[in-house]
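Q: Got a sequence here, can you model it:
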Amino acid sequence: MVSYTPLFTTLTKKGMTKTELRKNIGFGTNALAKMSKGEYISLETIDKICLYLNCKIEDVIEIIPD
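A: Purely as a prediction, here's the structure:
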C-alpha cells in the first residue's frame, strides 16, 4: 500500500497546501485526488514534487506492506 502521509506532513512543515503544490508544479487534480486516496501516481510526478520541495523521496511517499 502507498501512503502520501509524509508528503502532507512535509507540506505542513513548509506552510504549503496541496492545492498550492499542484498549481506550482502543474499537475492535474486527478493526481491530487489519487494521492488523497492513497493510489499510485507516476514516478515523474513524485520526482517533480521532490525537486520542487527540495526533499527526499521518503519525505513524499511511504510504502506500507499489506
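Q: quick one: the helices in this protein?
A: 5-13, 18-25, 29-36, 43-53 (DSSP state H).
Q: Next, the angle helix 5-13 makes with the third one.
A: Okay, so that is helix 29-36. 110 degrees (axes from the mean of the first three to the mean of the last three C-alpha atoms, to 10 degrees).
Q: Residue ranges in this structure under the pLDDT threshold?
A: For the chain, no stretch is flagged by pLDDT under 70.
Q: Residue 21: neighbouring residues, count only.
A: Neighbour count for residue 21, taken as other C-beta atoms under 10 Å: 21. For every residue, glycine as well, the C-beta is placed using N, CA and C.
Q: Isn't it up against residue 50?
A: No - assessed by C-beta atoms under 8 Å, residue 21 is found out of contact with residue 50, at 11.6 Å.
Q: would CSV of the helices of the chain with distance to residue 61 be doable?
A: Formatted as CSV, the helices of the chain follow (distance: least, C-beta to C-beta, whole Å):
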stretch, distance to residue 61
helix 5-13, 6
helix 18-25, 14
helix 29-36, 9
helix 43-53, 6
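Q: so which of those gets nearest residue 60?
A: Nearest to residue 60 among the helices of the chain is helix 5-13; the distance by C-beta to C-beta comes to 4.5 Å.
Q: Give me the buried positions along the closest one.
A: Within helix 5-13, the residues that qualify as buried are 6-8, 10-11, counting by 16 or more other C-beta atoms under 10 Å.
Q: Redo those residues as a markdown table? Include distance to residue 40.
A: A markdown table is the format used below for the buried residues of helix 5-13 (distance: C-beta to C-beta, whole Å):
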| residue | distance to residue 40 |
| --- | --- |
| 6 | 15 |
| 7 | 14 |
| 8 | 17 |
| 10 | 19 |
| 11 | 19 |
